[in-house]
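Student: Structure for this input, please:
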Amino acid sequence: MQPQSQFRNLVFEGGGVLGIAYAGALRVMQEKGILPDIQRVAGASAGAITAALLAIRYDADGIQKVVAETSFSTFMDAPGGFFGSLVRTFRNYGWFAGSSFSDWMKSCIRSAGLPESITFKELEALADSPENMNSRDNCKYRKLYVVASDISRGIVLQYDANETPNKPIWEAVRASMSIPFFFAGVSDDPSLYKDPDDPSSSGEADDEGRPKVLLVDGGVTWNYPIDVFDDVRFIDNAEEKKLYEDPIKLGLKSVFDEKHVYNKQTLGFRVDSEDEVAAYKNRQQAEARQIKSVVQYSMALIQFMRGLANRSHLKKLDWHR
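Tutor: Prediction:
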């Protein structure tokens, strides 16, 4: 079955509860016959939630239904009351436990007819099946890429079938939405999720007893991972190579190796106000916000970090996709 559009990849920005807005955009893609062509989805924070749902065969209507039926205040679970949250903040660096979100995410996976513990490798196998690849249905499996922030090592941690094949996808999404101070951070050891069939990895922690790393909101370091698919690995076939151009020829000074490309098959989704768009594109100063409480202070700080992460990654050409 021949693709109907040039797009193969979707990327969703993090920040806030954006599922309803994203569902509307996805519905337009459905109406134009574009959504069945999408093979890969990626996101950070709230964007990782939308990406994960789309990867496990939810379409625009399904995502909107889930969002409409979900009271996101239930994610703010605080077992132990005030003192329990206080202890949790000092021990796990977050006021809310995040267990309710984990249960919700696993429920969404089960509702899609999949085992709640499905891994990135297992999901990719479903996405690569001939039946799925040839389907023109809006509801189809897609390869998933999730971004989290590893603050123990000061790096971006990318979850996918290549890097963390045996990682349950719900755990990756839980890590990606761990807003600092709001949700408890996630302790993880990425070495435990390497492919056991890979002779270079035992699938266990190293002999040094490397401690688990602490993961928080992916939006802190890579809130809008629009360039996650800028690699020749994601060129589908020779005929479609014409859709790609060397970033150097386009005036970019790539920090990546020679395999890096400007991928025109990637389409990004983000939600910004007119003032925010002007601030990003024209380097204008955003309007000052009132900060009169610890909550407002925390939200402003997180918003600042996400904006800084966007500015460090985005190039002028990225606004075209």
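Student: next structured bit after the helix or strand bottoming out on mean pLDDT in the chain?
Tutor: Scoring the helices and strands of the chain by mean pLDDT, DSSP states H and E places strand 244-245 at the bottom, with a mean of 54. Using DSSP states H and E, the helix or strand that follows strand 244-245 in sequence is strand 262-263.
Student: What mean pLDDT does whatever helix or strand comes next after that following strand get?
Tutor: Heading C-terminal from strand 262-263, the first helix or strand you meet, by DSSP H and E, is strand 266-269. What strand 266-269 shows for mean pLDDT is 92.
Student: same deal with stretch 44-52?
Tutor: Stretch 44-52 comes out at a mean pLDDT of 94.
Student: Just the residues contacting that stretch, thanks.
Tutor: Here stretch 44-52 makes contact (CB atoms under 8 Å, 6 or more residues apart in numbering) with 10-19, 22, 41-43, 63, 105, 108, 144-148, 169-170, 172-173, 176-177, 179, 217-219, 222-225, 269. From N, CA and C alone the C-beta is placed, and that goes for glycine too.
Student: How many residues are close by K121?
Tutor: The local packing of K121 (other CB atoms under 10 Å) involves 17 other residues.
Student: Where does it sit, in terms of helix or strand?
Tutor: helix 120-127.
Student: Next, give phi and psi for the residue nearest the centre of the chain.
Tutor: In the chain, the centroid-proximal residue (CA atoms, centre = their mean) is G43; its distance is 2.0 Å. Recorded main-chain torsions at G43 are phi -170, psi 170, according to degrees, to the nearest 10.
Student: any idea how far it is from I49?
Tutor: Distance of G43 to I49, computed by CB to CB, to the nearest Å: 7 Å.
Student: What distance do you get for K140 to F101?
Tutor: Taking CB to CB, one finds K140 at 25 Å from F101.
Student: what about the closest residue in space to I34 that isn't next to it in sequence, how many neighbours?
Tutor: Spatial nearest neighbour of I34, chain neighbours left out: S5 (4.5 Å); criterion: CB to CB, 6 or more residues apart in numbering. Around S5 there are 15 other residues, counting by other CB under 10 Å.
Student: Now do the strands in the stretch 151-300 of the chain.
Tutor: Here the stretch 151-300 of the chain has its strands, by DSSP state E, counting those that start in this stretch, at 155-159, 181-183, 186-188, 213-216, 244-245, 262-263, 266-269.
Student: V295 is nearest to which of those?
Tutor: Among the strands of the stretch 151-300 of the chain, strand 181-183 comes nearest to V295, with 9.2 Å by CB to CB.
Student: what comes into contact with stretch 32-42?
Tutor: 3-5, 7-12, 26, 29, 51-52, 54-55, 59-60, 127, 133, 135-138, 140, 142-147, 225, 228-229, 234, 236.
Student: end to end, how far does that stretch reach?
Tutor: End-to-end distance for stretch 32-42, by CA to CA, to the nearest Å: 21 Å.
Student: What ranges does this protein have for its helices?
Tutor: Assigned by DSSP state H, the helices in the chain fall at 19-31, 46-55, 60-69, 81-92, 99-111, 120-127, 130-133, 169-176, 219-222, 274-282, 294-313.
Student: Give me the contacts around the fifth one.
Tutor: Read that as helix 99-111. By CB under 8 Å, 6+ apart, helix 99-111 touches 49, 52-53, 56, 58, 66, 70, 74-77, 79, 115-116, 118, 169-171, 173-174, 177, 183.
Student: That one to helix 169-176, inter-axis angle?
Tutor: 150 degrees (axes from the mean of the first three to the mean of the last three CA atoms, to 10 degrees).
Student: Tell me where the model's unsure across the protein.
Tutor: 1-3, 16-20, 190-211, 237-260, 272-286, 302, 304, 306-321 (pLDDT under 70).
Student: and the longest strand for it?
Tutor: Counting residues, the longest strand found in the chain (DSSP state E) is strand 143-150.
Student: and that strand, how far out from the chain's middle?
Tutor: Distance of strand 143-150 from the chain centroid (CA atoms, centre = their mean, to the nearest Å) equals 5 Å.
Student: For it, name the packing helices and strands.
Tutor: For strand 143-150, the packing partners by 3 or more CB pairs under 8 Å, 6 or more residues apart in numbering; DSSP states H and E come out as strand 40-44, helix 46-55, helix 120-127, strand 155-159, helix 169-176, strand 213-216, helix 219-222.
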